[in-house]
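S.K.: Model the structure of this input:
(one chain, ligands or ions: 1)
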Amino acid sequence: MLTVKHLAKSYDGEKKSLTDVSFSVRPGEVTVIIGPSGAGKTTILRSINQLIRDDDGEILFDSTDMRQLNRSQLRRARTRIGMIFQNYNLIEPLTAIENVLHGCLGTKSNLAGMFSIYSADEKQEALKLLEKVGLRDFAYQQCRNLSGGQEQRVGIARALMQHPKIILCDEPIASLDPKSTITVMDILRNLATAEGISVLINLHQVDIARHYADHVIGINNGQVVFDDATSALTDVAVTNIYRKDANQEGSLMYEL
Ligand SMILES: Nc1ncnc2c1ncn2[C@@H]1O[C@H](COP(=O)(O)OP(=O)(O)OP(=O)(O)O)[C@@H](O)[C@H]1O
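M.R.: Numbers count the residues shown, from 1 in each chain. Coordinates of the predicted model:
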């Protein structure tokens with residue numbers, strides 16, 4: 001459902017942030033990307049929905065290359081790709097339900113979007129999604145009064161309002177305490193298992209990756225150095241993903 005082929009990116013035209021990155025994400029699976037700081041995880045995620053324009057490669061989302069779409073085609077394609085951020089990216093003075101409703105802005109006319117005009121059905125759906133993430137009672141609270149874990153759950157409900165086929169999560173638990181981490185990861189896991197939504201997550205926590213992922217991609221210095229089922233993520237494989245000199249030996253695809 002998502003296949004990335006030979007993705008390359010340099011921000012300054014000199015240093016390569018991504019070199020020939022290829023991997024696939026399967027429907028209904030949780031795929032976790034791990035790797036050292038600066039390895040290129042965020043660049044990969046943001047290239048998928050073209051928040052960052054990469055330099056080369058293919059990003060096939062439902063067989064369409066995201067890199068070849070014009071503005072309106074890209075806008076349409078993005079409506080099926082949810083995004084969850086480390087810092088939640090909510091509009092803090094707005095209520096939880098208003099933020100969730102923003103998830104369907106991409107499907108609205110400019111005028112309806114500008115004046116935040118939502119149908120009764122859309123409001124009902126937003127309430128149901130808040131219920132799904134355990135926040136029905138907080139629907140009319142301003143997001144600035146919610147905890148970090150609650151804000152991230154609003155972010156998930158907002159992504160679900162898009163009816164996504166895939167949700168991209170950039171370090172979704174980096175700012176959360178252990179209890180909120182489990183709540184958020186359980187919700188993401190359940191979306192994949194119960195609803196068949198693909199979930200692609202950048203993470204720093206290897207133990208969380210091992211617990212929740214079906215598949216793990218290891219990135220080091222802009223290259224894929226591990227691409228396998230979570231059961232294959234041995235301690236040796238983790239050491240290889242995080243090693244400092246991985247770039248000096250060409251392809252280090254770990255052999256199991
Ligand atoms: N806007 C930018 N301009 C220039 N270089 C950038 C920019 N964003 C990222 N980079 C560089 O690209 C490389 C990959 O960065 P990226 O943020 O994708 O890594 P990451 O694995 O997500 O790191 P972290 O785990 O610390 O978030 C790094 O060398 C980084 O310095």
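
S.K.: Show me which helix runs longest in this protein.
M.R.: helix 178-195 (DSSP state H).

S.K.: So, low pLDDT: which residues of the stretch 51-200 of the chain?
M.R.: Residues of the stretch 51-200 of the chain that meet the criterion pLDDT under 70 lie in 109, 111-115.

S.K.: Show me what residue of it gets nearest to the ligand.
M.R.: Taking C-beta to the nearest ligand atom, the ligand has its nearest neighbour within the stretch 51-200 of the chain at residue 171, 6.6 Å off. Quick note: C-beta positions are derived from backbone N, CA and C, even for glycine.

S.K.: which residue packs closest to that residue, ignoring adjacent ones?
M.R.: By the measure of C-beta to C-beta, 6 or more residues apart in numbering, the closest residue to residue 171 outside its immediate chain neighbours is residue 86, 4.2 Å from it.

S.K.: can you list the residues of this protein near the ligand?
M.R.: Taking C-beta under 6 Å from any ligand atom as the criterion, the neighbours of the ligand within the chain are 11, 17, 35, 37, 38, 39, 40, 41, 42, 43.

S.K.: go with 5 Å
M.R.: By C-beta under 5 Å from any ligand atom, the part of the chain that sits against the ligand consists of 11, 17, 37, 38, 39, 40, 41, 42, 43.

S.K.: Run a quick neighbour tally on the fourth one.
M.R.: The reference is to residue 38. Summarising burial for residue 38: neighbours were counted as other C-beta atoms under 10 Å, giving 12.

S.K.: Look at it and tell me its secondary structure.
M.R.: When classified by DSSP: H, G, I helix; E, B strand; the rest coil, residue 38 comes out as coil.

S.K.: The residue nearest the centre of the chain sits in which helix or strand?
M.R.: Nearest to the mean C-alpha position of the chain, by C-alpha atoms, centre = their mean, lies residue 168 at 1.5 Å. Per DSSP states H and E, residue 168 falls inside strand 166-170.

S.K.: That strand to helix 178-195, inter-axis angle?
M.R.: In terms of direction (axes from the mean of the first three to the mean of the last three C-alpha atoms, to 10 degrees), strand 166-170 departs from helix 178-195 by 160 degrees.

S.K.: Among the residues of the chain next to the ligand, list the two that are farthest apart in space.
M.R.: The most widely separated members of the residues of the chain next to the ligand are 11 and 37, with 15.8 Å between them, by C-beta to C-beta.

S.K.: Look at the two and report which has more neighbours.
M.R.: residue 11 (12 against 7).

S.K.: need the contact list for that one.
M.R.: Residue 11 is in contact with residue 17, counting by C-beta atoms under 8 Å, 6 or more residues apart in numbering.
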